[in-house]
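K.L.:
Provided below are the primary sequence and the corresponding predicted coordinates.
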Protein chains: 4
Amino acid sequence: MLDKFHDECGVVGVYGHADAANLVYLGLYALQHRGQESAGIAASNDGKMHLEVGMGLVADVFSGARLKKLPGSLAIGHNRYSTTGVSRLKNAQPCLIEYAGGTMAMGHNGNLVNAPGIRKELGEAGAIFQSTNDSEVIVHLMAQSRRNSFIDRAVAALSQVKGAYSIVLMSENELIAARDPNGFRPLCLGKVDGGYIVASESCVMNLVEAEYIRELEPGELLLINKYGMKSFFPFPKSPTTQCVFEHIYFSRPDSHLFGQPVYSARKHMGRALARDTPVDADVVVPVPDSGVISAMGYSEESGIPFQMGLIRNHYVGRTFIEPQSQIRNFGVKIKLNAVESVIRGKRVIIIDDSIVRGTTSKKIVKMLREVGAKEIHVRISSPPTTHSCFYGIDTPTKGELIASNMNLEQTREYLGADSLHYLDLEKMLDVFGDQRGNFCSACFNGCYPIEVEDPNEGSPQLDLFE
Amino acid sequence: MLDKFHDECGVVGVYGHADAANLVYLGLYALQHRGQESAGIAASNDGKMHLEVGMGLVADVFSGARLKKLPGSLAIGHNRYSTTGVSRLKNAQPCLIEYAGGTMAMGHNGNLVNAPGIRKELGEAGAIFQSTNDSEVIVHLMAQSRRNSFIDRAVAALSQVKGAYSIVLMSENELIAARDPNGFRPLCLGKVDGGYIVASESCVMNLVEAEYIRELEPGELLLINKYGMKSFFPFPKSPTTQCVFEHIYFSRPDSHLFGQPVYSARKHMGRALARDTPVDADVVVPVPDSGVISAMGYSEESGIPFQMGLIRNHYVGRTFIEPQSQIRNFGVKIKLNAVESVIRGKRVIIIDDSIVRGTTSKKIVKMLREVGAKEIHVRISSPPTTHSCFYGIDTPTKGELIASNMNLEQTREYLGADSLHYLDLEKMLDVFGDQRGNFCSACFNGCYPIEVEDPNEGSPQLDLFE
Amino acid sequence: MLDKFHDECGVVGVYGHADAANLVYLGLYALQHRGQESAGIAASNDGKMHLEVGMGLVADVFSGARLKKLPGSLAIGHNRYSTTGVSRLKNAQPCLIEYAGGTMAMGHNGNLVNAPGIRKELGEAGAIFQSTNDSEVIVHLMAQSRRNSFIDRAVAALSQVKGAYSIVLMSENELIAARDPNGFRPLCLGKVDGGYIVASESCVMNLVEAEYIRELEPGELLLINKYGMKSFFPFPKSPTTQCVFEHIYFSRPDSHLFGQPVYSARKHMGRALARDTPVDADVVVPVPDSGVISAMGYSEESGIPFQMGLIRNHYVGRTFIEPQSQIRNFGVKIKLNAVESVIRGKRVIIIDDSIVRGTTSKKIVKMLREVGAKEIHVRISSPPTTHSCFYGIDTPTKGELIASNMNLEQTREYLGADSLHYLDLEKMLDVFGDQRGNFCSACFNGCYPIEVEDPNEGSPQLDLFE
Amino acid sequence: MLDKFHDECGVVGVYGHADAANLVYLGLYALQHRGQESAGIAASNDGKMHLEVGMGLVADVFSGARLKKLPGSLAIGHNRYSTTGVSRLKNAQPCLIEYAGGTMAMGHNGNLVNAPGIRKELGEAGAIFQSTNDSEVIVHLMAQSRRNSFIDRAVAALSQVKGAYSIVLMSENELIAARDPNGFRPLCLGKVDGGYIVASESCVMNLVEAEYIRELEPGELLLINKYGMKSFFPFPKSPTTQCVFEHIYFSRPDSHLFGQPVYSARKHMGRALARDTPVDADVVVPVPDSGVISAMGYSEESGIPFQMGLIRNHYVGRTFIEPQSQIRNFGVKIKLNAVESVIRGKRVIIIDDSIVRGTTSKKIVKMLREVGAKEIHVRISSPPTTHSCFYGIDTPTKGELIASNMNLEQTREYLGADSLHYLDLEKMLDVFGDQRGNFCSACFNGCYPIEVEDPNEGSPQLDLFE
């Protein structure tokens, strides 16, 4: 899948390290795949908090000089995803606010399904909003809490919100990391030079040379302050419904997530796919980068040789200028190119992790035909994506999802492939063994673990103005 | 006076003009002297509001492309003053917020003396703040009002604040301009191509070729919407205490303000100064640009020739890099240079509008000595500045005001001048004839027309965190 | 005159000062009025030369970090003028080149009338050109010289060019400053902390606190190296024809030039103008800033009060965005505003230094009429500009010069003035006493001291390609 | 190999296409891997040439607005490589110069071994140089030619230079593409919408949807103008010595080069390596991206499973800020991370295309040890790099090449690997079958096909001044 949809961000928090902002910066670097729209870091030093945010990649937003503006041993950071719409600096996180209890900053990965309702109530009581982020309701609820301690305010606020959140929160001298009771999004904990670090994915621990400790549990709030680290489980027990798409697509293959390595989950999906829908062919070719690991699994299981028949240009940036006088659309070509020597005359199995709108897959099939593929068999290492996500993934509306509007044969014909198969949901979940029941599969079967008002109407994400 | 202190901003609002944002841009251009730190414009089009703000001069912040992002026939704009501290984009105005009643934007010139208290109350009730601007309390109070209409919310909010404000406020389709009951800061109204324009100073009307109508009265709220223009006077009558420093220094000499031309006020101050403290000398030399008009008045009254014995370099920007290996401080030299052919061997009367810390004046005296002035007589066209302002001017604390810490003779000695005289307060007010009672002179005599808690302690301006 | 035409640059050179580049930077700051298009500095350290150039004002081009890239005790700098056409970084100076003799850099103020011919010859011999600057021929000629020493190469090259040049040249360890035999453009010498500084105007000496020594003489080459300073006069004697427009308009009033203070020259021109063309009126108003000093002289001589009836907005930048939906042209309004209280009902004498195309003057007259001037008498402190300059001033072609196309009465009518008078050439030159013969007046009388091929055809400045 | 050294650029030229500059832009996009330091395009329209160059990636240098400044149906472009030293805009290409014959522009990939000598001669004859590029001598020689036509001048100039060049040259209305007689660097030709395109690699043809025609032959000059396309072979026949490193590392795997697909060459090198130096192990892991294809070949031949045990972070930019208070060096970690689930407890064969200094390989071995590799066998799909390149690749000096200073066992010990083997030179060349004699292997065996003065002294690339 080529940037067809995106996760809602990566978060990092560091407590008790002289280089807190710098470690957060490194962490955001490692989590860049989770969001390329904006990056930001808040740090606290001697009771004073500083915030630096900017549009773009972490490496573009932060210079050495800018990092120096973020002294202190406590810091949080956030990468925000890229939408096709207007990028707005005001929506960049962390947000930093003043309230009666002092100053606080927050970074949020996820989506709160009852944010519009809370926002409406808050608004009726006179609250004003600076962003269109659903996350902003959390800091409002914290500010309105009559509780005194930072952790109590956090508990009070998070008790009122529903949906998906992996969150980092900081006051002048405390760090809170929290995962929603369903555990939709990942969040893990490590130890570095006597300090603590929390981050969306474990690959952060590798980069900063932290010792990986564990994932936060669903519903856990972790408070880190001068007295040490303390866990809280203040919410009623919920079923665990971790996002299976983190394993399918979002997370880095070198991360360890929801109890198992992403790499092996993907490899097993590829193997299961080979068993599920075998086909006689000459080469197995991944759509890079997301299809690579599952294609390797498919190749291993099927015995059909694995080939990098599509080459990805990693220098592709945000903007790309199409020629003007010609009616052409380079689209996927700027990112991918087929290797003719690998494809010509071959029966090709092309492996991707998912199909969203189908437009990119169609172009890939066409590209392969142009360089002489004899047969093209599209294999997808996950089930058809038929429903929008409301828990933090920026999927298109149901009407735009090809699998929601066409059956398998119609889709195959639309793509121009000789055959098309998706991995069966149950077989995909088999990959997770006795953990199979702990995943959300709403985007595949519409079983939303947390109720959403009118889930298939309108845009799933909050977008109030502009 | 060379940028020794600064007004808190200029504001502009336009209603009912196809080029609203562009006229606001021109207005900000004409008001650039009131604030060089940041510039911003909010515009409303078909119920959608857009905001563009940036650090720096109007001409640097706004390109043609950026102005095009601000369509609509309703717009407001704001120039923010420059502090010596950190410039913060988050404090730039206009602010644009979401609340229960929709979207609104506001630009504020002035300072609210009870903002800290209101902020504390709002905070205790759970409000969160994004900036350290005192102005932010106004939009909070408007959002919390139970009233429905935009004007009623504005009245409700402004009834609770005390201090100085000339304000422009816009909803999706209405413009409100308001001046506090004391009328500290200026605000005037014009008509342009069938639409309306409000602005801090009348020079805006000249530039945009608007017909000048009148100044807003102290305590007046002007509502402009599709039904036309309507005035409200919802507040109890207060004494009028307009800022006399607008005439002395801040406003452009081509503006008409508080009922009279700035140019003639300054000219008369210079004449009064000549009568008040005559001295036998060869030339009258202004400190450009602020001392030019009063120096002309002094020259006319005294008969001593006026000469531009100090030349100002108008290309001086924000940053200036001092040589490193030499212990020198170019300071005022980079801005001013003495004309030796005018000064050498002369008894010089040097005219400035005011002295704040005295450091610049001292350097000017030294510079004149170096090119051979025989005598140097410093004459100031206003009384000694002994008290801080709490109504919108960013004066230093009392401890930093030279006139608050040294008597006349000590100051003269510090400056190195042969003589020093200030214009007497009563004689200065004589310039305004029967309007003499309608001015605030707190910075000269400490008689604060609106009570300030502990006025001479700490920083007069709100500065909660960086 | 409001930026109607421009000089070709300012130059600075420093030898033997640890802060050489920084002093050059300060010098360019002081010479900013001579060119705002680009700024550049070359510095030499231990035989290595570095160059930094950029488009824009000195303060925008150079940061502290950028200045640090220019170590060494030898440096030259250059401000380039702004054209209405495309600004080109490649034309920015100093130029730095490699040649058989090593590395050299050059900054040039002036215009070489035989540059096209030399360029053609050089091209035919195989030379390639990187810029469209006429100055580039000088470094080519130096490189082609068979002489060994830097000074000999400079003499050889300058012997071949004709026209106007005040030039700074540096090798890895020598500085050369030179003025053409006619002495068209200024160049002066100072001493600072044991090192030497040369600069276009003496105001530079004031800013860097250098001791002013003298002007370079026409035809003088000054070599400064480890052996000290040495003068050369290698060219045949020419009549001295210094640019009288430096006194009329270009140079700063606080500079001392061609043997006398600019300030007093302008003052005397104003006085002469008052004597030459008296008129009964109420106020004398300068077009700021260039008309200020002469207006003061006019006022003193005539006894008619001097008033700043036009206020200049000094924040005006390069770009200014006109409203779109209205057919208007703000033109001069963005820079100047009339002070109604000064003008209304008055007979106004408006003083400017020159009229080029007449369009700006026409707008000023209109602006004064609009605020109620009863009579408007335009007085120009120099003769009618009837001919283009070919010695370093970017004047329009003859066809665009109003005085070349209309007689006095026609011009008056075009401007809409009640009367119009220019200062007579002879009377203007009287200001310079026995130096009156040492000036070029070609722009007033067409007597070109150095022959120009077809002077009134085409663009006077070299502009080969874009 | 992780960016350990770099090719000297990519070039593109387009003739006869309304979107010439835009196609060149796309071509540079596809050739971004050949140079990331600077990008530039020159275009000719109606006899006027425009040039736009900038530092950075193609996508950052060119906006839509900037491309619009490059009208015309003839254009050339250039990507320049990134050095560790100072990046210099003046060295960016294409260079555009004026000479007696008009205007011309040039982009060059390669390195001229006799450039210093020619430069010296030119300098002695008076030539001046603007850049430190060896390429600049070509335009000088063309300008000095007494021939009249553009092609004749090109022939005259190229007859005098020795070394490696694939070059695009344009006059106002002609395009010349040329490859040196040895054919060191690649250059190919295509047809697009009736126009022609030349480019360093064939992947450009795929992206712009051009029809691939052929490679230029060594020693071929291709002239394209209004009369069509014409080939010239003006130089004495030389042995063909194409750069084998283009196949090993530089070119994209989806390009077709020197008669065969890069993808299959690399695959065969991997297979040969497996045969050459078999080892008993559990997994074959490539150093991404350059080792991926050869690792696949190794896996196929050896039957040992291929795994992506190292994950590359493709968001890594130019700048990366290390933490300050810790003595750490993240180095390779920021780019690569090991997948613990793939590596732990395994005997790992790690495949890379080459080793230059050895520092990166050492870090990779260490990283694999840390995640539990039981054995680490380093296999390199090319011979030891023992000599510097003088034909266009920016290799370090001989003293910095590990294989030039350590024997195999010493290198193995330095890397910390359990075993180390390189592919034998003859066996590597076997991959090219009967073309095996047509390659330069100087970096492996020191047999330089074109004599270089004192090849192992000093920097191999021209670097006259900074």
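P.N.:
Yep, it's here.
K.L.:
Stretch A:51-71 near chain C at all?
P.N.:
No - between stretch A:51-71 and chain C, judged by C-beta under 8 Å from any C-beta of the partner chain, nothing touches; the nearest distance is 9.6 Å. Every residue, glycine included, has its C-beta placed from N, CA and C.
K.L.:
Report the buried residues of the longest helix belonging to chain A.
P.N.:
Secondary structure of chain A per DSSP state H: the longest helix is helix A:262-276. Using 16 or more other C-beta atoms under 10 Å in any protein chain shown as the test for burial, helix A:262-276 gives A:262-274, A:276.
K.L.:
go on, stretch A:95-111?
P.N.:
For stretch A:95-111, by 16+ other C-beta under 10 Å, it's A:95-101, A:103-111.
K.L.:
What of stretch A:110-125?
P.N.:
A:110, A:111, A:112, A:113, A:114, A:115, A:118, A:119, A:122, A:123.
K.L.:
How about the first one: which residues does it bridge to?
P.N.:
What that stands for is residue A:110. For residue A:110, the beta-bridge partners are residue A:165 (DSSP bridges).
K.L.:
Counting only strands, which of the buried residues of stretch A:95-111 make the cut?
P.N.:
In strands, defined here by DSSP state E, the members of the buried residues of stretch A:95-111 are A:95-99, A:103-111.
K.L.:
ok, those residues vs chain C, which is closest?
P.N.:
Using C-beta to the nearest C-beta, residue A:96 comes nearest to chain C of these, at 28.2 Å.
K.L.:
picking up where we left off before, what's in contact with whatever helix or strand comes next after the longest helix of chain A?
P.N.:
Sequence order places strand A:283-286 as the next helix or strand after helix A:262-276, per DSSP states H and E. Under the contact criterion C-beta atoms under 8 Å, 6 or more residues apart in numbering or on different chains, strand A:283-286 has outside partners A:292, A:294-296, A:298-299, A:302, A:304-310, A:342-343, A:346-352, A:368.
K.L.:
Quick check: what element follows strand A:283-286 along the chain?
P.N.:
Following strand A:283-286 toward the C-terminus (DSSP H and E): helix A:292-302.
K.L.:
then that next one to PDB, C-alphas only?
P.N.:
Only the C-alpha atoms of helix A:292-302 are listed here, as PDB (Å, rounded to 0.1, in the frame of the first residue of the first chain):
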ATOM      1  CA  VAL A 292       7.900  -6.900   1.200                       C
ATOM      2  CA  ILE A 293       7.800  -9.100   4.300                       C
ATOM      3  CA  SER A 294       4.500 -10.800   3.500                       C
ATOM      4  CA  ALA A 295       5.700 -11.400  -0.100                       C
ATOM      5  CA  MET A 296       8.800 -13.100   1.400                       C
ATOM      6  CA  GLY A 297       6.400 -15.300   3.500                       C
ATOM      7  CA  TYR A 298       4.300 -16.100   0.400                       C
ATOM      8  CA  SER A 299       7.400 -17.100  -1.500                       C
ATOM      9  CA  GLU A 300       8.700 -19.300   1.200                       C
ATOM     10  CA  GLU A 301       5.400 -21.100   1.600                       C
ATOM     11  CA  SER A 302       4.700 -21.400  -2.100                       C
END
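K.L.:
ok and it relative to helix A:262-276, angle-wise?
P.N.:
Helix A:292-302 and helix A:262-276 meet at an angle of 40 degrees, taking axes from the mean of the first three to the mean of the last three C-alpha atoms, to 10 degrees as the criterion.
K.L.:
could you check whether helix A:292-302 is close to chain D?
P.N.:
Yes - applying C-beta under 8 Å from any C-beta, one finds helix A:292-302 touching chain D at A:292, A:293, A:296, A:300.
K.L.:
Return the residues in contact with the third one.
P.N.:
If a contact means C-beta under 8 Å, 6+ apart, then residue A:296 has A:267, A:270, A:286, A:306, D:306, D:307, D:308 as its contacts.
K.L.:
Report the two of those separated the most.
P.N.:
A:286 and D:307 (13.8 Å; C-beta to C-beta).
K.L.:
Could you check which of these two is surrounded by more residues?
P.N.:
Neighbour totals were compared for residue A:286 and residue D:307, and residue A:286 leads with 27 against 24 (other C-beta atoms under 10 Å in any protein chain shown).
K.L.:
Show the low-confidence segments of the stretch 251-400 of chain A, by residue range.
P.N.:
A:316-329 (pLDDT under 70).
K.L.:
In it, what residue spans correspond to helices?
P.N.:
Along the stretch 251-400 of chain A, counting by DSSP state H, counting those that start in this stretch, helices occupy A:262-276, A:292-302, A:340-343, A:359-370.
K.L.:
Which one of those helices lies nearest to residue B:250?
P.N.:
Smallest distance to residue B:250 across the helices of the stretch 251-400 of chain A (C-beta to C-beta): 59.2 Å, for helix A:359-370.
K.L.:
any bit of the closest one sitting next to chain D?
P.N.:
No - applying C-beta under 8 Å from any C-beta, one finds helix A:359-370 separated from chain D by no less than 8.8 Å.
K.L.:
list the buried ones in that helix?
P.N.:
A:359, A:360, A:361, A:362, A:363, A:364, A:365, A:367, A:368, A:369.
K.L.:
mind listing what the first one touches?
P.N.:
For residue A:359, the contacting residues are residue A:331, by C-beta under 8 Å, 6+ apart.
K.L.:
And for the last one?
P.N.:
Applying C-beta under 8 Å, 6+ apart, one finds that residue A:369 lies in contact with A:376, A:416.
K.L.:
Sounds good, over and out.
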